[in-house]
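In: No letters, just coordinates:
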């Protein structure tokens, strides 16, 4: 099944030039892709299109088989709940503890508190925050906040996880640990797209890549043989 499909996408902000141009690609269910490219290439913009934060200036987007241009607006919130997002700016709620920030998606879904306590506690221990469950975001380091944001994004095992530089504020050892966490989630069926500048991680884990430069998808493929299905390009990208 194709999880998300983009056809001839163009995106511009205001009256400026297009930041994404003629992008066409499909992501298969259960795939894991790195999204790479220089700063300003359009990685964050592409992710924003994928989680429906922006509408394209032109072209079509399909998410979980639904044409975003024609779908009933009332169905969009349910689609978005199937997508986990790790933002560069974290977007943690300052008045909530680490535990409550991570538990929030489960509470919105009316999951029983006993199950919430079990799963949140286990996940926070896994990402090394067991001793910070009661801490407010303002008392945490940037790397700790990043781990809280990742835990919140994956706690409900989303169908699609979009991560914008999730290892940008952690050391190499923890970055590898977080990648293993995402791989475990991927093995359970979550499709993952992770933007990163860390070529070492890209090479070490060897998943296929979506490479963007100047708003165009220029190259795909792993730095070593991929273990997952590759991105399918549709049409010519120049």
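Out: Received the coordinates, thanks. Computed from a prediction, not measured in an experiment: that's the story for all the values here.

In: drop to CA atoms for contacts and neighbour counts, all remaining ones
Out: OK.

In: Can you show me the strands along this protein?
Out: Using DSSP state E, the strands of the chain run over 2-12, 18-28, 32-36, 58-63, 66-67, 83-86, 160-164, 191-195, 209-213, 216-220, 232-233.

In: so can I have CSV of those showing mean pLDDT?
Out: Formatted as CSV, these follow (pLDDT from 0 to 100):
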stretch, mean pLDDT
strand 2-12, 94
strand 18-28, 91
strand 32-36, 95
strand 58-63, 95
strand 66-67, 93
strand 83-86, 92
strand 160-164, 94
strand 191-195, 95
strand 209-213, 91
strand 216-220, 70
strand 232-233, 42
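
In: now the ones you listed in TSV, with distance to residue 103 and mean neighbour count?
Out: Shown next, in TSV, are the strands of the chain (distance: least, Cα to Cα, whole Å; neighbours: other Cα atoms under 10 Å):
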stretch	distance to residue 103	mean neighbour count
strand 2-12	26	20
strand 18-28	29	21
strand 32-36	25	26
strand 58-63	25	19
strand 66-67	28	16
strand 83-86	13	24
strand 160-164	17	26
strand 191-195	21	25
strand 209-213	31	22
strand 216-220	36	18
strand 232-233	35	15
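
In: Per-residue pLDDT of residue 231, please?
Out: We have a pLDDT of 44 for residue 231.

In: what does the longest helix along the chain rub up against?
Out: When the chain is parsed with DSSP state H, its longest helix is helix 172-187. Contact with helix 172-187 is made by 30-32, 127, 154, 157, 167, 192, 201, as judged by Cα atoms under 8 Å, 6 or more residues apart in numbering.

In: how far out from the middle of the chain is that helix?
Out: Relative to its parent chain, helix 172-187 has a centroid offset of 13 Å by Cα atoms, centre = their mean, to the nearest Å.

In: top of the contacts of helix 172-187 by neighbour count?
Out: residue 32 (29 neighbours; other Cα atoms under 10 Å).

In: re the thing from before, check which residues of the longest helix of the chain are buried.
Out: Neighbour-count burial for helix 172-187 flags 174-176, 178-179, 181-183, 185-186 (criterion: 16 or more other Cα atoms under 10 Å).

In: Just send the residues you listed back as CSV, with distance to residue 111 and pLDDT too.
Out: Putting the buried residues of helix 172-187 into CSV (distance: Cα to Cα, whole Å; pLDDT from 0 to 100) gives the following:
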residue, distance to residue 111, pLDDT
174, 30, 83
175, 30, 87
176, 30, 89
178, 25, 86
179, 27, 91
181, 22, 87
182, 23, 90
183, 25, 92
185, 20, 89
186, 22, 93
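
In: Enumerate the beta-bridge partners assigned to the residue nearest the centre of the chain.
Out: By Cα atoms, centre = their mean, the chain has its centre lying nearest to residue 162, at 1.0 Å. Taking DSSP bridges, one obtains residue 85, residue 193 as the residues bridged to residue 162.
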